[in-house]
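Undergrad: I'd like to go over a predicted model; first the sequence, then the structure.
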Amino acid sequence: MARRPHDPDGDFAGYLAVRWPDLVGGLEAEGIDPDAARLAVAVTMLGHRRGWSRLVREQQVDVVLWSEARERAGLVARPGEAAPHGVGVPDPADPPEPWLERAREVRAGERRRTVRRTMVGLAVVAVLAAGWTWWATRPEVAPVREEANPLPVAWYSGGELHLADVVVGLPDVDEFVADGADVVARLGSGDYVRVRADGDVEPLDAAPAQLADTGPAPAYLPPGRYDTRVQSVPLPGGGWAHLIDSSRRSGAQDAVRRSESGRRALVVCPTESTCQPPITITATDGSVRLR
């Protein structure tokens, strides 16, 4: 069947077919065992499968993948260094597909271990009373679905965290903040996690510096007479994004709730004196938070 134009699956498969020998060969040239080299490259590639189009569009693919593959294989990452060329020879008898299947098993195991470590903190008392019961009913991996974010910032509503390309089911998030394409968050249990751009959830040993107070937001006058600013967050490229609500007045609860007569919207201000038209938020009926 002919491949459709601008097919992300085809782009991913094409890159994999061309660069697999060099990525694997580059690791082997550094002394990595052949099987370990293949698995490291496969896990790295699979980790970028969901966001492949964004990776190709916004970053240097060879640089990102080579750095992560080296780190996965136990080598120094060397940020900024591109993957080598001409060090591997394509071998039809050694295709990447079997290693991608093994990589899926590795990533599934890592997700299960991540959720298990996170939930231990929530269930210490229950484990002491009924440890085996908790183990038998431990939660599954946080659900992830592909969905383009209609807003230019990460946001949280109804137990779901909306990133650029995916929505992650993550209940009980107390606060969060964007860290590049990822999000770092503090859960109600007091545990800290990093949510990767592809939806993977990883535990953190300590509070990330990114959750520190970003300082006061600049003065901002909402566009409508009945609009109230609820939250503001800085934008990665400079400027601020302001969450406004027209269904209530200043001093009400922090979460924004939709009413029949009101609206919730996001206003992006690249500078303190320049703001774009409000983006009405219709993707959820629950509360909305930017932090």
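TA: Everything's here; your move.

Undergrad: Could you pull out the strands in the stretch 51-200 of the chain for me?
TA: 144-146, 155-157, 160-162, 166-169, 173-179, 182-187, 192-195 (DSSP state E, counting those that start in this stretch).

Undergrad: Serialize these to JSON lines and add fields for distance to P79.
TA: C-beta: built from backbone N, CA, C; applies to glycine. Below are the strands of the stretch 51-200 of the chain laid out as JSON lines (distance: least, CB to CB, whole Å):
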{"stretch": "strand 144-146", "distance to P79": "27"}
{"stretch": "strand 155-157", "distance to P79": "29"}
{"stretch": "strand 160-162", "distance to P79": "27"}
{"stretch": "strand 166-169", "distance to P79": "25"}
{"stretch": "strand 173-179", "distance to P79": "16"}
{"stretch": "strand 182-187", "distance to P79": "16"}
{"stretch": "strand 192-195", "distance to P79": "18"}
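
Undergrad: Need those strands in TSV (columns: mean pLDDT).
TA: Shown next, in TSV, are the strands of the stretch 51-200 of the chain (pLDDT from 0 to 100):
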stretch	mean pLDDT
strand 144-146	90
strand 155-157	91
strand 160-162	92
strand 166-169	92
strand 173-179	89
strand 182-187	90
strand 192-195	91
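
Undergrad: Let's have those strands in a markdown table, adding mean neighbour count and distance to V89.
TA: Shown next, in a markdown table, are the strands of the stretch 51-200 of the chain (neighbours: other CB atoms under 10 Å; distance: least, CB to CB, whole Å):
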| stretch | mean neighbour count | distance to V89 |
| --- | --- | --- |
| strand 144-146 | 14 | 35 |
| strand 155-157 | 23 | 47 |
| strand 160-162 | 22 | 43 |
| strand 166-169 | 20 | 36 |
| strand 173-179 | 18 | 39 |
| strand 182-187 | 22 | 36 |
| strand 192-195 | 20 | 37 |
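
Undergrad: Isn't G199 up against G169?
TA: No. Judged on CB atoms under 8 Å, G199 makes no contact with G169 at a distance of 9.4 Å.

Undergrad: Any chance you could list residues touching both of the two?
TA: Counting by CB atoms under 8 Å, 6 or more residues apart in numbering, the shared contacts of G199 and G169 are 142, 144.

Undergrad: For stretch 31-39, the averaged confidence score.
TA: Per-residue pLDDT over stretch 31-39 has a mean of 95.

Undergrad: quick one: it to chain centroid distance?
TA: Here stretch 31-39 is found 27 Å from its chain centre; the criterion is CA atoms, centre = their mean, to the nearest Å.

Undergrad: With only the CA atoms kept, save that stretch in CSV.
TA: Presented in CSV, the C-alpha positions along stretch 31-39 are these (Å, rounded to 0.1, in the frame of the first residue of the first chain):
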residue,chain,number,x,y,z
GLY,A,31,33.0,-0.9,23.5
ILE,A,32,29.3,-1.6,24.2
ASP,A,33,28.2,-5.2,23.8
PRO,A,34,26.4,-5.8,20.5
ASP,A,35,23.1,-6.9,22.1
ALA,A,36,23.3,-4.1,24.7
ALA,A,37,23.9,-1.6,21.9
ARG,A,38,20.9,-2.7,19.9
LEU,A,39,18.6,-2.6,22.9
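
Undergrad: what's next to that stretch, contact-wise?
TA: Under CB under 8 Å, 6+ apart, the answer for stretch 31-39 is 24, 27-28, 40, 73-75, 96, 99, 102-103, 106.

Undergrad: at 6 Å instead, please
TA: With contact meaning CB atoms under 6 Å, 6 or more residues apart in numbering, stretch 31-39 is reached by 24, 27-28, 73, 99.

Undergrad: So for it, what gets flagged as buried?
TA: Neighbour-count burial for stretch 31-39, counted by 16 or more other CB atoms under 10 Å, picks out 32, 37-39.

Undergrad: Turn those residues into CSV, including secondary structure and distance to L163.
TA: Shown next, in CSV, are the buried residues of stretch 31-39 (DSSP: H, G, I helix; E, B strand; the rest coil; distance: CB to CB, whole Å):
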residue, secondary structure, distance to L163
I32, coil, 32
A37, helix, 30
R38, helix, 29
L39, helix, 27
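
Undergrad: For T228, state which of those is nearest.
TA: Taking CB to CB as the measure, T228 sits nearest to L39 out of those, at 52.7 Å.

Undergrad: Helices of the stretch 51-200 of the chain, residue ranges please.
TA: 52-58, 61-72, 97-122, 124-136 (DSSP state H, counting those that start in this stretch).

Undergrad: which stretch in those helices is the model least sure about?
TA: helix 124-136 (a mean of 54).
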